[in-house]
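A.B. asks: the sequence isn't on hand, but the structure is:
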């Protein structure tokens, strides 16, 4: 079901706040994986603010939905989401990546409240997600497991082992996403190791693939609703995104996989994000029902 | 016979070590519904398939995909299950080292790895299937307990201990039949405790510290040397490689001043290295020999033949003990005061 205009606008506001907090965190840390943080933020926003059945005052609630950020280097986006949600002390963002901080580039599930799995070595998250999903089956629970992969990460063969087994075990309680920003550290995905035809690859592994604009919250919402509607095959949502989305001098530039932010860039980025938010709001106003 | 055990599996010494593992897991599984099993197309070979037959809804064969399997196990453990994961040692420790390191050890989840066909026990398969580095790899990972049981009886004990204690476990067992050490002929009370070496044979002249199938060989060597040479050879079953029983090592240094380690594994990074670390840090002079695979790949053949060629069987140990008895070590008059 489509988002209502009110819901859409509220989510746009939250996504904007979280992009700003991700930028702030990058600035406080001096540098970070901000490009992929910006591309994944809409997915994380809608999951944490519309779909995930979690309890801030009981983070280890055994019936909670699970969220596995397989592209663990997007901790710079994940930490602000968890802090904003109330799981962790906001002051922790100011020491992100600093010595003795609880929060490093890749969030540690034993240190950061609300993190369901420590990820960072790529190609691990989908298997872990399948593990929590199969555990739900064994334990008779109906929670869902959401997992976000990076597109460059899909070079790792272990993802395809996981894909085969998700299909084999008919684990439709895993809802998967790829943040398809088409960039990786050394270049564009299609220049390093081509992934296309990417959606067909997932289809051939037995997934029902839904391709969406990963910066359109309404499209994301409709795709997730489909995945929650007891489909007969596991769902992979391929979210076409822009690396560095919202920060004009970073957008679609793989060099911003990881970058440093000085005072000048910080000010420029803030202005750009504000403009981006205005554009996004206008779209929600126009297209929302 | 083992004391305090209830496993019907142990009533039979006709089973291979892996079969005893399978039976033990089935019995644990009957009592504890949160136990699940995983294998990577080796359900039959590793004997975890016995568990799968009894509990098909709690058993997952992921196909030939070890990395995926250990990731799944980590997720299951995170969600409150106790996964027992079985494949060959070489694929567990090497193919999936990253998943064991990061998903299981770093997250410190309650997953149990029962790795079979360890050392050179799948001898005919050659070096692609010999696990000669697994202990070195696993031992270096934080949070994990590493056990190399001497026989089937000890395997059952180790598997039960792995269930009873929270955290990652890696238990390496052999392919096929092991000589039974702790069977009905053992003649002593047998008590297994994680991290505590078992003195299989008392002695004051020299200590042989062994693990896995080498413990039986060391015990036989000690009996022979007592009769033939009048030597009192202490034999320690160092089943737990990590955490190592440092006290037992220090006591052996103190009491016998001569130590030989024996393992079906490279001498780099396994039992011999672990013992050497304790010895070096203690600063005590000691005649010391590491028997094992001497930084080379092992030949192809039957396990017992390979053990003989590597000098980690009874004869090899006898020869090493005799040689070690002629080794000098640095005297230290103040030793007794320091220990």
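C.D. replies: Good, I have the coordinates. Keep in mind that what you see is a predicted model, and the values were worked out from it rather than measured. Residues are numbered from 1 along each chain as shown, chains lettered A, B, ... in the order given.

A.B. asks: what ranges do the strands span in the chain?
C.D. replies: Going with chain A. Remark: strands assigned in chain A by DSSP state E are A:31-32, A:66-69, A:145-150, A:174-180, A:183-184, A:187-188, A:208-213, A:235-240, A:259-260.

A.B. asks: should've been chain B
C.D. replies: Using DSSP E, strands in chain B cover B:35-39, B:59-61, B:82-88, B:112-116, B:145-147, B:169-172, B:198-201, B:206-210, B:233-237, B:240-242, B:258-266, B:287-293.

A.B. asks: pick the most deeply packed of those strands.
C.D. replies: strand B:206-210 (a mean of 30; mean count of other Cβ atoms under 10 Å in any protein chain shown). Backbone N, C-alpha and C define where each C-beta goes, glycine included.

A.B. asks: and the angle from that one to strand B:287-293?
C.D. replies: With axes from the mean of the first three to the mean of the last three Cα atoms, to 10 degrees defining the directions, strand B:206-210 sits at 30 degrees from strand B:287-293.

A.B. asks: quick one: check stretch B:38-50 for contact with chain A.
C.D. replies: No. Stretch B:38-50 lies out of reach of chain A by Cβ under 8 Å from any Cβ of the partner chain, never closer than 9.1 Å.

A.B. asks: which of the strands of chain A sits closest to residue A:108?
C.D. replies: Smallest distance to residue A:108 across these (Cβ to Cβ): 12.3 Å, for strand A:66-69.

A.B. asks: what does the stretch 51-200 of chain B have sitting close to chain A?
C.D. replies: B:57-58, B:60, B:62-63, B:65, B:67-81, B:83, B:98-99, B:102-103, B:106-108.

A.B. asks: now do 7 Å
C.D. replies: Contact residues, the stretch 51-200 of chain B versus chain A (Cβ under 7 Å from any Cβ of the partner chain): B:57-58, B:60, B:62-63, B:65, B:67-68, B:71-76, B:78-81, B:98-99, B:102-103, B:106-108.

A.B. asks: hmm, back to that, which of the strands of chain B sits closest to residue A:160?
C.D. replies: Comparing these by Cβ to Cβ, strand B:59-61 comes nearest, at 17.4 Å.

A.B. asks: ok, that closest one: who's next to it in the sheet?
C.D. replies: Next to strand B:59-61 in the sheet, as set by DSSP bridges, lie strand B:35-39 (parallel).

A.B. asks: off-centre distance for the partner strand?
C.D. replies: From the chain centre to the centre of strand B:35-39 is a distance of 21 Å (Cα atoms, centre = their mean, to the nearest Å).

A.B. asks: neighbouring contacts of that strand?
C.D. replies: Under the criterion Cβ atoms under 7 Å, 6 or more residues apart in numbering or on different chains, residues A:138, B:25, B:28-29, B:46, B:48, B:51-52, B:58-62, B:69, B:72-73, B:76, B:81-87 lie in contact with strand B:35-39.

A.B. asks: reformat the strands of chain B as TSV; add mean pLDDT.
C.D. replies: Shown next, in TSV, are the strands of chain B (pLDDT from 0 to 100):
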stretch	mean pLDDT
strand B:35-39	98
strand B:59-61	98
strand B:82-88	98
strand B:112-116	98
strand B:145-147	98
strand B:169-172	98
strand B:198-201	98
strand B:206-210	98
strand B:233-237	98
strand B:240-242	98
strand B:258-266	98
strand B:287-293	97
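
A.B. asks: and those: which comes nearest residue A:77?
C.D. replies: strand B:82-88 (30.4 Å).

A.B. asks: which elements pack onto the closest one?
C.D. replies: Counting contacts by 3 or more Cβ pairs under 7 Å, 6 or more residues apart in numbering or on different chains; DSSP states H and E, strand B:82-88 packs against strand B:35-39, helix B:66-78, strand B:112-116.

A.B. asks: relative to strand B:35-39, how tilted is that strand?
C.D. replies: Using the same axes, to 10 degrees, strand B:82-88 lies at 20 degrees relative to strand B:35-39.

A.B. asks: can you pull out the residues in contact with strand B:82-88?
C.D. replies: Contact with strand B:82-88 is made by B:25, B:34-40, B:42, B:46, B:48, B:66, B:69-70, B:73, B:76-77, B:110-117, B:129, B:131, B:163, as judged by Cβ under 7 Å, 6+ apart.

A.B. asks: rewinding a little: got JSON lines for the strands of chain A, with mean neighbour count too?
C.D. replies: Below are the strands of chain A laid out as JSON lines (neighbours: other Cβ atoms under 10 Å in any protein chain shown):
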{"stretch": "strand A:31-32", "mean neighbour count": "21"}
{"stretch": "strand A:66-69", "mean neighbour count": "28"}
{"stretch": "strand A:145-150", "mean neighbour count": "27"}
{"stretch": "strand A:174-180", "mean neighbour count": "28"}
{"stretch": "strand A:183-184", "mean neighbour count": "25"}
{"stretch": "strand A:187-188", "mean neighbour count": "15"}
{"stretch": "strand A:208-213", "mean neighbour count": "18"}
{"stretch": "strand A:235-240", "mean neighbour count": "24"}
{"stretch": "strand A:259-260", "mean neighbour count": "15"}
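
A.B. asks: residue of the stretch 101-250 of chain A with the smallest distance to chain B?
C.D. replies: Residue of the stretch 101-250 of chain A nearest chain B, by Cβ to the nearest Cβ: residue A:131 (2.0 Å).

A.B. asks: which bits of chain A sit near chain B?
C.D. replies: Going by Cβ under 7 Å from any Cβ, the residues of chain A near chain B are A:62, A:109-110, A:116-118, A:121, A:124, A:127-132, A:134-136, A:138-139, A:158, A:161-162, A:164-165.

A.B. asks: switch the cut-off to 8 Å
C.D. replies: So far as Cβ under 8 Å from any Cβ goes, chain A lies against chain B at A:62, A:66, A:68, A:108-110, A:116-118, A:120-121, A:123-136, A:138-139, A:145, A:157-158, A:161-162, A:164-165, A:168-169.

A.B. asks: which parts of chain B are helices?
C.D. replies: Secondary structure of chain B (DSSP state H): helices at B:17-31, B:43-46, B:49-54, B:66-78, B:89-90, B:97-98, B:134-139, B:152-164, B:214-229, B:246-256, B:271-282, B:303-310, B:314-325, B:335-338.

A.B. asks: how near is the residue lying closest to residue B:229 once chain neighbours are set aside to residue B:258?
C.D. replies: Leaving out its chain neighbours, the residue that sits closest to residue B:229 by Cβ to Cβ, 6 or more residues apart in numbering or on different chains is residue B:322, at 7.2 Å. Distance check for residue B:322 against residue B:258: by Cβ to Cβ, to the nearest Å, it reads 11 Å.
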